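Asks: can't give you the sequence, but here's the structure:
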DNA sequence: TTTTATCCTATAGATTTAATAGGGTAAACA
DNA sequence: TGTTTACCCTATTAAATCTATAGGATAAAA
């Protein structure tokens, strides 16, 4: 981790980069989707090939691809010549959907979540909560990014 | 958690609302700062009073306020009549600074972080990484929200 | 000197993530 | 029909992290 000497942030040099971080599950899932989208033909690609190419633990990737299949992003074929393949066009795969399936809620607090709303135990009134007010803006702003991106948009 | 029957999201009903979630530390810290900013006079406020008013574990809050003092947001006074108080105007307390101190990096992956940059082990080239491309947008978008908000802006 | 309230370190419990283990099932092919 | 291939599925472990607590030290006020 690069820190600039003398900055306030150096007080935090024991910070571990974890919180609010994208899970490996989502990261690997996105990489796998990208890899599949970049295939010339639409033949199934084996887990092993994806794992090798993207430096992912094969068994871990297996469970991620399983999730993506069950949630309607991927199709699969067993036996020789089998593997996974996209069942929609990359331009039809919305980042909002992928992120919600792999990562979970997009909002950073349940009380501003659209699809996973929960009231806070400790907070008597959302309308007078500063955290609520700030996180509402963050949610809208992140949501706009995910809404503006499909799998086709993030392929390079 | 409210889920809509029949929706794709119901497949995920075992989701626990954790990932990408704001830590309690940050949430409590923001609430404490808000509470202090809302004080009529600038007299020190005791930890116990803040904890009681905001439904926060007193000992946990204690450690959070300590962090906020060490990082230059709060002043403190010991002994009778002591407590914590803001040492800057709410309009001078930037959300970027508060979030970085309490929550850590704003970026969701180290490879797009401004202050906590780290290269990914598994990724040979950032410019051709779809995750990088997406998370760069998310970072910019979240950063804009935090840059546009001071403590004064989120007080209701 | 007593009371008040912050300061500080260490640590425990609960939860979550990331990864692994191990075998089951279905398809292709000879 | 039997063998190989490759996905399917559940359970579990190891490590890391968050949240909270314990217990006392220090400083200020009365």
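Replies: Now that the structure is in, tell me what you want to look at. Note that the structure is a prediction, hence the values are computed from the model and not measured. Numbering: from 1, shown residues only, chains lettered A, B, ... in the order given.

Asks: quick one: strands adjacent to the helix or strand harbouring residue A:76?
Replies: When secondary structure is defined by DSSP states H and E, residue A:76 falls within strand A:74-77. Partner strands and pairing direction for strand A:74-77 (DSSP bridges) are strand A:83-86 (antiparallel).

Asks: circling back to that earlier point, quick one: contacts of the strand holding residue A:76?
Replies: Outside strand A:74-77, the residues within contact range by Cβ atoms under 8 Å, 6 or more residues apart in numbering or on different chains are A:36, A:44, A:65, A:68-69, A:82-87. Using the backbone N, CA and C atoms, a C-beta is placed for each residue, glycine as well.

Asks: please redo it, this time with the cut-off set to 6 Å
Replies: Outside of strand A:74-77, the residues that reach it under the criterion Cβ atoms under 6 Å, 6 or more residues apart in numbering or on different chains are A:44, A:68-69, A:84-85, A:87.

Asks: buried subset of the residues you listed as a PyMOL selection?
Replies: In PyMOL syntax, the buried subset of the contacts of strand A:74-77 is picked out as below (16 or more other Cβ atoms under 10 Å in any protein chain shown):
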select buried, chain A and resi 44+68+84+85
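
Asks: near DNA strand D, which of the contacts of strand A:74-77 show up?
Replies: When the contacts of strand A:74-77 are checked against DNA strand D using Cβ under 7 Å from any atom of the strand, the ones in range are A:44, A:69, A:84.

Asks: format those as CSV; extra columns: distance to residue A:141 and pLDDT.
Replies: Listed next are these as CSV, based on distance: Cβ to Cβ, whole Å; pLDDT from 0 to 100:
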residue, distance to residue A:141, pLDDT
A:44, 38, 96
A:69, 31, 96
A:84, 33, 97
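
Asks: need the phi and psi values for the nearest residue to residue A:54 once chain neighbours are set aside.
Replies: If you skip the residues right next to it in sequence, residue A:54 has residue A:31 as its closest partner in space, 4.6 Å away by Cβ to Cβ, 6 or more residues apart in numbering or on different chains. Main-chain dihedrals, residue A:31, degrees, to the nearest 10: phi -70, psi -40.

Asks: swap in the one 4 residues further on?
Replies: Note on residue A:35: backbone dihedrals following degrees, to the nearest 10 are phi -60, psi -40.
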